[in-house]
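Trainee: Just the structure for this:
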Amino acid sequence: MRVTDRMSLLPLMTIRRLRSIVLLLIVAPVGAFGQQADHPWWVSMGAGPAAHGGVLGMSAGMDYCYQLDRSIISGRIIGATNENPTVRRISPSQTTYKLADYGILYGPLWSFGNWRLSAGAGLGVIRSTTDQGGPEETRSGISLPLEAQAFCRFTSFAGVGAYAYASVNGVHPLGGFLLVVQLGSFGPGR
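Mentor: Numbering: from 1, shown residues only. Down below sits the predicted model:
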């Protein structure tokens, strides 16, 4: 196999990996359906508006939570951008931002019937790519990720909710709001 043949397979391999990851995230909770977990866990996935450096944009994110009695540990990935092809054609000089925030957070969890509220803070990494029409500039740094969640569990394995987030850092401030769907093993309310 020639190098050019391998390069043409690269997007296909990436799509297959992405498909496998998504499938795992969907299938993993299926094994937990109907089971009561000693330490419930769930995955939240959603999208919504973002504000980064005074610029409005869009964001998507995923949050994996593991419940320990009345608190949760969560790992999150947030991606945000203000890149919009229509706006780019109208205003080619607009600065484009692409941000990725990765964090591990810990905080309290409150239960009210089917409703859950939580807040968290932790340690994270932010990566910012800026395009001002020339070469892209990429910067990374340490961040203080913050989150607040409010969600309703309408079954023992699925729920919907809202996820507010912020990333306090010296590279590029980031904050936003996601409407999320949750899948996992919720277990009994505490």
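Trainee: in this structure, which residue is closest to the centre?
Mentor: residue 61 (2.2 Å; Cα atoms, centre = their mean).
Trainee: How about the contacts made by that one?
Mentor: Counting by Cβ atoms under 8 Å, 6 or more residues apart in numbering, residue 61 touches 44, 45, 46, 47, 76, 77, 78, 79, 163, 165, 178, 180. From N, CA and C alone the C-beta is placed, and that goes for glycine too.
Trainee: Would you mind checking the residues you listed for buried ones?
Mentor: For the contacts of residue 61, a burial check counting by 16 or more other Cβ atoms under 10 Å picks out 44, 45, 46, 76, 78, 79, 163, 165, 178, 180.
Trainee: I figured the last one was touching residue 150, is that so?
Mentor: No - under the criterion of Cβ atoms under 8 Å, residue 180 makes no contact with residue 150, lying 10.0 Å away.
Trainee: got any residues that touch both of the two?
Mentor: Shared contacts of residue 180 and residue 150, counting by Cβ under 8 Å, 6+ apart, come down to 161, 162.
Trainee: what's around residue 71, how many residues?
Mentor: Neighbour count for residue 71, taken as other Cβ atoms under 10 Å: 14.
Trainee: Please report how far it lies from residue 149.
Mentor: 13 Å (Cβ to Cβ, to the nearest Å).
Trainee: just residue 119 next, same as before
Mentor: Distance from residue 119 to residue 149, by Cβ to Cβ: 8 Å.
Trainee: So for the two, which sits in the more crowded spot?
Mentor: Each of residue 119 and residue 149 has its neighbours counted (other Cβ under 10 Å); residue 149 has more, 24 against 16.
Trainee: okay, that one: pLDDT?
Mentor: You'll see residue 149 listed with a pLDDT of 94.
Trainee: Quick one: classify the nearest residue to residue 53 once chain neighbours are set aside as helix, strand or coil.
Mentor: Nearest residue to residue 53, sequence neighbours excluded (Cβ to Cβ, 6 or more residues apart in numbering): residue 172, at 5.5 Å. Under DSSP: H, G, I helix; E, B strand; the rest coil, residue 172 falls in the coil class.
Trainee: Start the count at 27 instead of 1 going forward.
Mentor: Understood, numbering begins at 27; the last thing we discussed is residue 198.
Trainee: Residue 140 and residue 181 touch, don't they?
Mentor: No - using Cβ under 8 Å, residue 140 makes no contact with residue 181, being 9.5 Å away.
Trainee: you'd agree residue 135 is up against residue 142?
Mentor: Yes - the pair residue 135 / residue 142 is scored as a contact, 6.3 Å apart, by Cβ under 8 Å.
Trainee: Look at the two and report which has more neighbours.
Mentor: Of the pair residue 135 and residue 142, residue 142 is the one with more neighbours under other Cβ under 10 Å, namely 25 against 20.
Trainee: low-scoring stretches of this protein, by residue?
Mentor: 27-65, 110-120, 212-216 (pLDDT under 70).
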